[in-house]
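K.L.:
Got a predicted structure plus its sequence, pasted below:
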Amino acid sequence: MVEKFDAIVVGAGPSGNSAAYTLAKGGLKVLQIERGEYSGSKNVQGAIMYADALERIIPDFREDAPLERHIIEQRIWLLGDDSYIGTNYRSDSFNSERPNRYTIIRAQFDKWFNEKVREAGALVICETTVTELLRDASGKVYGVRTDRENGEVHADVVIMADGVNALLARRADLQEELPPENAALAVKEIHFIDPALIEQRFQVKGDEGVVIEMMGKVTGGMVGTAFLYTNKESLTIGIGCLISDFKEKGIAPYKLLEDLKNHPVIKPLIQGGEVKEYAGHLIPEGGYKAVPQVCGDGWMVVGDAAHLNNAAHREGSNLAMTSGRFAAETLIELKKQGKAPVAANLALYKKKLDESFVMKDLKKYKNLPHIMHMSPQFFNAYPDLLNGAAHDLFTVDSVDKKTKENQILKSFAKRRSIFGLVGDAFKLARAFR
Amino acid sequence: MSVIKVEDKLYQNRYIVDENRPHIYIKDAEVCASSCKSQPCTFCCPANCYTKDDAGGVNLVTDGCLECGTCRVICQDNGNVSWNYPRGGYGISYKFG
């Protein structure tokens, strides 16, 4: 006889773990299936973890979660050829007892989270790939098929937390294939380094951390960003651009990463480190308009698989964890009310997403992906122009300030034209409003 | 400029190899050779799994695959990549991720 569960959760990343944990805590019979050796072994992120989303699931997570450094300073840099111009925000208030953001190492963090899922009572099976959804003649999902022998398992609901590639939903025609302009390919490395060097180079002490997000010349005019994060004994450095841009420009992703590492302002920050891993991963960047149908008869989709990622604010894991929790809470509520998990009832999950920051934030930036895609100047011309302007202003020579000002204005007008500048300002203002 | 060796990067990674069972394959070699001019898989794959061969086609070796999905997304016009995850427990196994 095929074993039957209240819910099957496919995947053990942040969204899957949040869903499985919440369901198990709520007393449901849960099976979680992970294709990797262990939870986290297939997962890649920058990685920053936002406390608030996790706190709502595991309030005392700080007691034993593997956290690297809490962020006390955020830097945003626009890179020129050999320079950067940017902003730093640093506050001692981020040293509170309950810090807001942490750097994490996903393989370790996910493993810890998955332990919590097991402790809560879910059955977790690793090293098992789910190959397809089982659906009846009406299309209702009633389980999954795995690559194990006699690997069919049944459940009232299947929660797909299988990440950005969302193979299950696509194979079942519940989602279209990812268009290349809706996903970024990011590559990154982890560099182990003496913590004393991290403290010295980033002006931090103890578990304090700094994150740097970068835009500019290093993406070669492609829509993309780079990052450098401080962990306890390591630095993660990476860069990602839209797949459509990689395709069009013919640039290899690892070349960008090498160029970033060799950039004159980055190189001294990572010098002396030892590379221990190289990773590549897709990031859903299509925003609000790319979010597919998130639930139907007997199924829900959460996290990256539901395209829930806020590219404008570099937030993803918090949307993932929150959507996983909402999916679970929906099921728990339906179960209490004795309602079947049909599409009309599961729509409560969509309602929860819509009423939360998850969809409200995505909606706020709904036009941004398109504007960025159509406006390479934000990733090329402006970082260049602003770096040039700063260079001219801060170079003391015999040129008077008024003349310098005029030269800077002219360089902007020449590169982008007055109409272009006004248009860009208007586009940005509208996209961020 | 020095040539970047992806092999050196991949060497750091931990893989559990499923001998002789590649999880991704090219459906029709002829399509790569005749219908795909730009062959974007040969420069977009972050593990450099795809290389141009002497006959104008594309050669695929999945050993260093990071399972990111880029090749599938990029080849959707031709639909010539059969893309699966490795069998459970096999493939890339990140220590840090």
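P.N.:
Done, it's in. Numbers count the residues shown, from 1 in each chain, chains lettered A, B, ... in the order given.

K.L.:
okay, and for chain A, where does confidence drop off?
P.N.:
A:1 (pLDDT under 70).

K.L.:
Name the single longest helix found in it.
P.N.:
The longest helix of chain A (DSSP state H) is helix A:317-337.

K.L.:
close to chain B, is that one?
P.N.:
No: judged by C-beta under 8 Å from any C-beta of the partner chain, helix A:317-337 stays clear of chain B, getting no closer than 12.0 Å. (Glycine included, C-beta is placed from N, CA and C.)

K.L.:
Past that helix, which element shows up next along the chain?
P.N.:
Using DSSP states H and E, the helix or strand that follows helix A:317-337 towards the C-terminus is helix A:343-354.

K.L.:
Tell me the helix or strand right after that next one.
P.N.:
Once the chain leaves helix A:343-354, the next helix or strand it forms, by DSSP H and E, is helix A:357-364.

K.L.:
residues from chain B in reach of chain A?
P.N.:
B:4, B:6, B:9-10, B:12-13, B:16, B:38, B:40, B:43-44, B:46-48, B:66-70, B:72-74, B:76, B:83-89, B:91-97.

K.L.:
could you flag which of these are buried?
P.N.:
B:6, B:9-10, B:12-13, B:40, B:43-44, B:46-48, B:66-70, B:72-74, B:85-89, B:91-94, B:96-97 (16 or more other C-beta atoms under 10 Å in any protein chain shown).

K.L.:
Alpha carbons of stretch A:160-173, as CSV, please.
P.N.:
What follows is stretch A:160-173, C-alpha atoms only, in CSV (Å, rounded to 0.1, in the frame of the first residue of the first chain):
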residue,chain,number,x,y,z
MET,A,160,6.4,22.6,-4.2
ALA,A,161,9.5,24.2,-2.7
ASP,A,162,11.9,22.9,-5.4
GLY,A,163,13.6,26.2,-6.1
VAL,A,164,14.0,28.5,-9.1
ASN,A,165,14.0,25.8,-11.7
ALA,A,166,10.5,24.7,-10.5
LEU,A,167,10.8,21.5,-12.6
LEU,A,168,7.7,19.9,-11.0
ALA,A,169,5.3,22.7,-11.8
ARG,A,170,6.7,23.2,-15.3
ARG,A,171,6.5,19.5,-16.1
ALA,A,172,2.9,19.5,-15.0
ASP,A,173,2.2,22.5,-17.2
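
K.L.:
Can you list the buried residues in it?
P.N.:
For stretch A:160-173, the neighbour count (16+ other C-beta under 10 Å) marks A:Met160, A:Ala161, A:Asp162, A:Gly163, A:Val164, A:Asn165, A:Ala166, A:Leu167, A:Leu168, A:Ala169, A:Arg170, A:Ala172 as buried.

K.L.:
Contact partners for the second one?
P.N.:
If I follow you right, that is A:Ala161. A:Ala161 makes contacts with A:9-13, A:15-16, A:19, A:301-303, A:305, A:320, A:324, as judged by C-beta atoms under 8 Å, 6 or more residues apart in numbering or on different chains.

K.L.:
Show me the residue at the heart of chain B, geometrically.
P.N.:
Chain B has B:Cys49 as the residue nearest its centroid, 3.4 Å off, counting by C-alpha atoms, centre = their mean.

K.L.:
thinking again about what came up before, widest-spaced pair of the contacts of A:Ala161?
P.N.:
Of all pairs drawn from the contacts of A:Ala161, the greatest distance, 15.4 Å, lies between A:Ala12 and A:Val301 (C-beta to C-beta).

K.L.:
So A:Gly151 versus A:Phe109, what's the distance?
P.N.:
28 Å (C-beta to C-beta, to the nearest Å).

K.L.:
Just want to know which of those two has more residues nearby.
P.N.:
Taking other C-beta atoms under 10 Å in any protein chain shown, A:Gly151 and A:Phe109 do not tie; A:Phe109 has more neighbours (29 against 17).
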